[in-house]
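Engineer: Fold the following, please.
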Amino acid sequence: MALINQTSEEYYLGPDGVWDSGDESYGNYQFVSIADIINNFMISHVGQDKLITKVRRTDVAYWAQRAIQEFSFDVLPQDKSIEIEVPPGLYMVLPQDYVNYTKLSWVDNGGIERIIYRTNLTSNPEAPTQNAAGEYTFNAAHGLITDAQSETLTRWNARSAFPLGGPGGGNFDLTNNPDLLALYAYGGRYGIDPENAQSNGTFYVDNVNGMIRFSSDIRGRVVTLKYISDGLGSLEDMTVHKFAMDAIVKHIAYSILSTRSNVQEYIVARFKKMASAARRNAKIRLSELKADLMSQVFRNQSKWIKH
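Structural biologist: Numbers count the residues shown, from 1 in each chain. Presented below is the predicted three-dimensional model:
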């Protein structure tokens, strides 16, 4: 279990005794390491007088990591972020631990994040290199030669900054002229695709090459990517919030019992029910629903609710 084993001075100053020098571990009391969870499980759930009489520690470690991986997608989202300046090539390399994005935005001069919307208008397909006769070409190892960049991507990068171009397909830039943008869009928004009804730019995820591709109006902007990871790492580095500790333990127990041939089905069903209930509780606790925020929402919805 994670216990308070530091003095107040050690916590606030860190090992070097200097305030806010970067070696402190502020806020770490709310987390517990996966190694501690495994140790606690071996003590509380494994023994001669318990349902799990014997289990290898490596099996417990495996199921603990699988639990963290599954929980990271909806119960314990590892929400990370990265900020870059979009290069002339209009791309961002996906982070090493990237699983899926939650939000992509560019930052204006006031530090406000402007949401960039995903587009389905384009892609970056593989483009086999063709000779003058239109035939595919091959290298010395008889492998197919492909172009470094598809013509689709080349035209996407060179297109007008405004999603639909100007009147008649013009190439003038409307993104930095909101008055002109409003004038052009007046009376023309009926039936428009929502991804084109904004001027913040667009992107698509090029999973084949591990990149995010941006429209030309994002060139040179500061962009922030918020994404989720699966939370996996070394046993010493992986931690989970204490609100989810009970759910992780019950998930490990259910996973072990469900894979054994000598365990009755009613026992497996009971542990599955316990694991599901603990998972729901963890999700509720981690949702950060606060009474004052809920009352504010209710007051905005109804005049009858008084403060």
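
Engineer: longest helix of this protein?
Structural biologist: The helix that spans the most residues within the chain, counting by DSSP state H, is helix 265-285.

Engineer: Output it as CSV, restricted to C-alpha atoms.
Structural biologist: Extracted C-alpha coordinates of helix 265-285, given in CSV (Å, rounded to 0.1, in the frame of the first residue of the first chain):
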residue,chain,number,x,y,z
GLU,A,265,-19.0,-21.8,-13.3
TYR,A,266,-21.0,-20.2,-10.5
ILE,A,267,-17.7,-19.1,-8.9
VAL,A,268,-16.5,-17.6,-12.1
ALA,A,269,-19.9,-15.9,-12.6
ARG,A,270,-19.7,-14.4,-9.1
PHE,A,271,-16.2,-13.0,-9.6
LYS,A,272,-17.2,-11.6,-13.0
LYS,A,273,-20.1,-9.8,-11.4
MET,A,274,-17.9,-8.5,-8.7
ALA,A,275,-15.3,-7.3,-11.2
SER,A,276,-18.0,-5.6,-13.3
ALA,A,277,-19.4,-3.8,-10.3
ALA,A,278,-15.9,-2.6,-9.1
ARG,A,279,-15.2,-1.4,-12.7
ARG,A,280,-18.4,0.7,-12.7
ASN,A,281,-17.6,2.1,-9.3
ALA,A,282,-14.1,3.1,-10.4
LYS,A,283,-15.5,4.8,-13.5
ILE,A,284,-18.0,6.8,-11.4
ARG,A,285,-15.3,7.8,-8.9
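
Engineer: hmm, who's touching that helix?
Structural biologist: Residues outside helix 265-285 that contact it (Cβ atoms under 8 Å, 6 or more residues apart in numbering) are 51, 71, 74-76, 243-244, 246-247, 249-251, 253-254, 257-258. To be clear about C-beta, it is placed using only N, CA and C from the backbone, and glycine gets the same treatment.

Engineer: Please pick the buried ones from these.
Structural biologist: With neighbours counted by 16 or more other Cβ atoms under 10 Å, these contain buried members at 71, 75-76, 243-244, 246-247, 249-251, 253-254, 257.

Engineer: Which pair in those residues has the greatest spatial separation?
Structural biologist: Farthest apart among the buried ones among the contacts of helix 265-285 by Cβ to Cβ are Phe243 and Leu257. That separation is 23.9 Å.

Engineer: which regions of the stretch 1-150 of the chain sit below the pLDDT cut-off?
Structural biologist: In the predicted model of the stretch 1-150 of the chain, residues 1-4, 77-78 satisfy pLDDT under 70.

Engineer: can you map out the helices along it?
Structural biologist: Counting by DSSP state H, counting those that start in this stretch, the stretch 1-150 of the chain has helices at residues 8-13, 34-45, 57-74.

Engineer: Any chance of those in TSV with distance to Ser295 as columns?
Structural biologist: Below are the helices of the stretch 1-150 of the chain laid out as TSV (distance: least, Cβ to Cβ, whole Å):
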stretch	distance to Ser295
helix 8-13	34
helix 34-45	36
helix 57-74	27
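
Engineer: Nearest to Gln264, out of these?
Structural biologist: Closest to Gln264 of those is helix 34-45 (Cβ to Cβ; 17.2 Å).

Engineer: The closest one: which residues count as buried?
Structural biologist: Across helix 34-45, burial judged by 16+ other Cβ under 10 Å covers 34-38, 41, 45.

Engineer: Measure how buried the closest residue to Pro88 other than its chain neighbours is and give me the count.
Structural biologist: Distances taken as Cβ to Cβ, 6 or more residues apart in numbering place Arg219 nearest to Pro88, at 6.4 Å, with adjacent residues excluded. Arg219: 16 surrounding residues under other Cβ atoms under 10 Å.

Engineer: any idea how far Arg219 lies from Ala148?
Structural biologist: Note on Arg219: its distance to Ala148, by Cβ to Cβ, to the nearest Å, is 20 Å.
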